[in-house]
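Student: Take this sequence and fold it.
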Amino acid sequence: MSETVRRRTLLAATMALGLFASAGAAWAQSYPNRPIRAIVPFAAGSATDIVARTFADQMAKTLGQSIVIENRPGANGLIGADAVAKATPDGYTILIGTNSTNAAAPALFNNVPFDMNKDFQPISFLSSVPLIVAVPNTLPVRTLRELIDYARGRTDLTFASASASQRVSTEMLMAMTGMKMTHVFYRSGPNAMQDLIAGRVTLFTADLGVMLPQVRGGTVRPLAVTSQQRSAQVPDLPTVDEAAGTKGYELIAWFGMFAPASVPAEVTARLNAAVRAAAATPELRTALGENLGMVIAPSSPEELAARVVSEAAKWAEAARVAGIEKQ
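Tutor: The predicted model follows:
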């Protein structure tokens, strides 16, 4: 190759890179230029749905585009999460993930259709919340200790779940207290709640977002919270450790935002900034924090990635303690 040809080749390559960088910068400045689709892998009315819609409303103000919520429940959240893992990584499809989809899945299922660490780009942690252990008002128990005594020797009791946190929290409780109950799986938390209210299941453990309205309305009987500390929203309700005399019981639900892997870094930064701005608004803090007892804690993408790794180990241990076999 002659010196003249070599110089022309280098010049063309440099110009091409410059044009590419300029196009990328222009694209980043224009993102988003149409509505964003946020897939919620659980049913409408679930805690994940509530978190998604509350953040979406506030993020839209920063992004200048609406975030359209699409509920895709099924398979403990795996269907919706898989749809995002396989979506085009352009920033217009995001996942409102949870401990079920982005931490517990490998500990509970043999055939998870995605890799939590490789198929998603973490955007930001959103919030966490404890769960409430509750029974129907018709059940002749008023405390968790009374329930443990009531369950002794019985084989006709059942518990409901519609997510990993709901199931594992109850399985852990049973393993640590000796209770025996048959698991009844529901496609959605609201459906499980309806059967709890009607007395068709003995026990349901669900996050404050789902449970608090029923507790405040007196339609179910709360027995304990699953965190190590009492909740400010129900300060008179003891923790499981306090109520059952266990030691070290804790299981809380959490929510995070993810995009498909390989999404441009500019998109990650833009969405992360929108999450942080939303989390700082009084409207969001009132709706999720004050009203539903959630801890709002936006993070960097790197912090969420690290949390996914640590939480996966935690949930694997919880499933082991609960004696849950993979399905």
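
Student: all strands in the stretch 151-300 of the chain, in order from the N-terminus.
Tutor: 158-161, 182-185, 203-207, 220-225, 252-260, 295-296 (DSSP state E, counting those that start in this stretch).

Student: Distance to Arg152 for these - can I get that in CSV?
Tutor: (Glycine included, C-beta is placed from N, CA and C.) As requested, these are exported to CSV (distance: least, CB to CB, whole Å):
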stretch, distance to Arg152
strand 158-161, 16
strand 182-185, 16
strand 203-207, 15
strand 220-225, 16
strand 252-260, 28
strand 295-296, 35
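
Student: Comparing the ones you listed, which comes out most buried?
Tutor: strand 203-207 (a mean of 29; mean count of other CB atoms under 10 Å).

Student: Who are the packing partners of that one?
Tutor: strand 120-136, strand 158-161, helix 164-177, helix 189-198 (3 or more CB pairs under 8 Å, 6 or more residues apart in numbering; DSSP states H and E).

Student: can I get these in CSV with distance to Phe204?
Tutor: Shown next, in CSV, are these (distance: least, CB to CB, whole Å):
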stretch, distance to Phe204
strand 120-136, 6
strand 158-161, 4
helix 164-177, 7
helix 189-198, 4
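
Student: Let me know which of these is the nearest to Met294.
Tutor: Between Met294 and these, the tightest spacing by CB to CB is seen for strand 120-136, at 4.3 Å.

Student: Can you report how many residues lie near the spatially closest residue to Ala277 that is not a sequence neighbour?
Tutor: For Ala277, ignoring the flanking residues on the chain, the nearest one in space by CB to CB, 6 or more residues apart in numbering is Thr62 at 4.6 Å. Using other CB atoms under 10 Å, Thr62 has 16 neighbouring residues.

Student: any chance you could read off phi and psi for Thr62?
Tutor: phi -80, psi -40 (degrees, to the nearest 10).

Student: can you check Thr138 too?
Tutor: phi -80, psi -10.

Student: wait, doesn't Ala175 sit right on Val321?
Tutor: Yes: using CB atoms under 8 Å, Ala175 is in contact with Val321, at 5.9 Å.

Student: With distance to Ala83 and mean pLDDT added, can I get the helices and strands packed on strand 203-207 in TSV?
Tutor: Output for the helices and strands packed on strand 203-207, formatted as TSV (distance: least, CB to CB, whole Å; pLDDT from 0 to 100):
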stretch	distance to Ala83	mean pLDDT
strand 120-136	12	97
strand 158-161	22	97
helix 164-177	18	91
helix 189-198	20	95
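
Student: Pick the most deeply packed of these.
Tutor: strand 120-136 (a mean of 25).

Student: and Trp315, what pLDDT?
Tutor: As predicted, Trp315 sits at a pLDDT of 87.
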